[in-house]
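A.B. asks: After the sequence you'll find the predicted model.
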Amino acid sequence: MRNILPILFFSLLTSVGLSNDFRDIPTEPTPGDKMLEEYFEIETRRVTQRTASIVDNIEDWSWTKADLRRQLYEMLGLQPLPARTDLKARVTGSIERDGIIVEKVVFQSRPGLYVTGNFYRPAEQDGPLPTILYVCGHGRVKIDDVSYGNKSHYQHHGTWFAQNGYCCLTIDTLQLGEIEGIHHGTHRLGRWWWNARSYTPAGVEAWNCIRALDYLETREEVDADKFGVTGRSGGGAYTFWISALDERIKVSAPVAGITSMQNHIVDGCIEGHCDCMFMVNTYRWDFPLLASLVAPRPQLILNTDDDRIFPLDGVVDVFQKTRKVYESLDARENLGLALYQGGHKDTQPLRVPAFHWFERHLKGKSADDELIDAVAEKIFEPQELKVLDEIPGNERNTFIDDYFTKRVPRNLKIAESASDWAVERSLIHNRLRSRSFRGWPTGSEELDSTEEYRSSADGIAFSRWSFTSQSGVRLPF
């Protein structure tokens, strides 16, 4: 049990782990359920306190940020970083309507890992423009068993940006793109080996965003010194990934993409999410560390006040702790929080503050400038935005989990001499302690063993005892 619980804790951070049919779930918690609940609450409190200590005591942010970013790359399965192979980018068609041009774009972020997207730009422009990477949430668009990608669901954002003097690349996600991969591995399919292999689809989404910026740098219409990123729900999470990892992003506006560890684990919000929302949390982070990695660059966190999977108290907690980092860097004005009434929905009033944020920080407009009243509207049919006529034969999207993260070679040679093996064994032990079992309890806790029952018969004595394996875990023997 002592071995299993730390793994369970971090598995929960990367999955929902519950059936979609809630009728199958027992209504009364078992003693084991109650014990796990107490364990998770204790560990969540420790993680939260550790994160608070980091953001409260920043002395050298450049060093702290570099170390945290290295950890994040690892937790997303991006260490070592994949090779930046040829994107093999191509435009398969274009549409012009209402003063904008939409190009249908595809590139390979890794060989066989296809990213489909739409590149929106004004029909007329003088010189390179500020450019937004729009990352999509879970908005499925499927007609007659053909997937048109969630880029078509979120098309109104790209349209608005192009109509207001920006370029915008809207990219499909792994699961809901034209080539349908998998986000819900542990959530639905029992692929718990994802965690063991340090794989999470969040890493794929982060990598696709990095390569999307590489692609945008090749476009003459784009001002590569003025990149912004936004998206909602899952897209809000991917906005955090790319903003934290890549400083080419100058302005960030995640919408409904983050909340606290307390909300996820203790309050149970994780049950409304899929694997793509989480890193494999080896280094025991609470989410203010993720938002803090964007500092001191401009970042506006947006949410509604009645969002059941991103509750208001957790969103505000993340904001307040992140604000301490911005204040320590004398960049308080670069962090904002925008709230609007409602549930987990993509509404115009929630988009407007994000539009203002980009106008201010990418175009240099004043916060007192005239209010934006242009509505973001869908003006294209999904069929018009489709990029691929057919799925490429060499696609790896549908089984990317099997090769995205580095694996131990099957023909690994073991050291032959005793001295070489001693060195190699030490390295293996260190990796197990620092990574696989990083959640192992520190120090020795009192066993507090107690005899609860004793009986004897026919020359045989029987007794039942209980002991504390670790905080919150009381086991019988």
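C.D. replies: It's in. Numbering: from 1, shown residues only.
A.B. asks: Quick check: next helix or strand after the lowest-mean-pLDDT helix or strand in the chain?
C.D. replies: Lowest mean confidence among the helices and strands of the chain (mean pLDDT, DSSP states H and E): helix 4-13, at a mean of 46. The element immediately downstream of helix 4-13 (helix or strand, assigned by DSSP states H and E) is helix 31-56.
A.B. asks: how about that following helix: buried residues?
C.D. replies: Buried residues in helix 31-56, counted by 16 or more other CB atoms under 10 Å: 35, 36, 39, 40, 43, 44, 47, 48, 51, 54, 55. (C-beta placed from N, C-alpha, C; glycine too.)
A.B. asks: Pull the contacting residues for the residue nearest in space to the middle of the chain.
C.D. replies: By CA atoms, centre = their mean, the chain has its centre lying nearest to residue 277, at 3.9 Å. Contacts for residue 277 (CB atoms under 8 Å, 6 or more residues apart in numbering) come out as 202, 234, 237, 257.
A.B. asks: Could you identify the most distant pair in the residues you listed?
C.D. replies: 202 and 257 (11.2 Å; CB to CB).
A.B. asks: residues shared between the contacts of these two?
C.D. replies: 237, 238, 277.
A.B. asks: Among those residues, name the ones in strands.
C.D. replies: Judged by DSSP state E, the shared contacts of residue 202 and residue 257 include no members of strands.
A.B. asks: Relative to residue 325, which of those is nearest.
C.D. replies: residue 237 (19.4 Å).
A.B. asks: pretty sure that closest one is touching residue 257, no?
C.D. replies: Yes: shown here, residue 237 and residue 257 form a contact pair, counting by CB atoms under 8 Å, at 4.3 Å.
A.B. asks: Show me how this protein divides into domains.
C.D. replies: The chain is divided into the following domains under automatic domain parsing: 90-402, 447-477.
A.B. asks: any chance of those in JSON lines, with distance to residue 418 too?
C.D. replies: Shown next, in JSON lines, are those (distance: least, CB to CB, whole Å):
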{"stretch": "domain 90-402", "distance to residue 418": "29"}
{"stretch": "domain 447-477", "distance to residue 418": "35"}
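A.B. asks: Quick one: closest of those to residue 413.
C.D. replies: Here domain 90-402 is closest among those (CB to CB), at 21.1 Å.
A.B. asks: And that closest one, end to end?
C.D. replies: Using CA to CA, to the nearest Å, the span of domain 90-402 from its first residue to its last is 26 Å.
A.B. asks: helix or strand for the closest residue to residue 366 other than its chain neighbours, which one?
C.D. replies: Nearest residue to residue 366, sequence neighbours excluded (CB to CB, 6 or more residues apart in numbering): residue 360, at 7.3 Å. Using DSSP H and E, residue 360 sits within helix 348-363.
A.B. asks: Which elements pack onto that helix?
C.D. replies: If you count contacts as 3 or more CB pairs under 8 Å, 6 or more residues apart in numbering; DSSP states H and E, helix 348-363 packs onto strand 129-135, helix 155-163, strand 222-232, strand 249-255, strand 299-304, strand 335-340.
A.B. asks: Point out the most buried one among those.
C.D. replies: strand 129-135 (a mean of 27; mean count of other CB atoms under 10 Å).
A.B. asks: Now do it against strand 249-255, angle only.
C.D. replies: 40 degrees (axes from the mean of the first three to the mean of the last three CA atoms, to 10 degrees).
A.B. asks: average pLDDT for strand 129-135?
C.D. replies: Mean per-residue pLDDT for strand 129-135: 98.
A.B. asks: Tell me which other helices or strands that strand touches.
C.D. replies: With contacts taken as 3+ CB pairs under 8 Å, 6+ apart, strand 129-135 sits against helix 155-163, strand 167-171, helix 201-216, strand 222-232, helix 234-245, helix 348-363.
A.B. asks: Before I go, just wanted to say thanks for your time.
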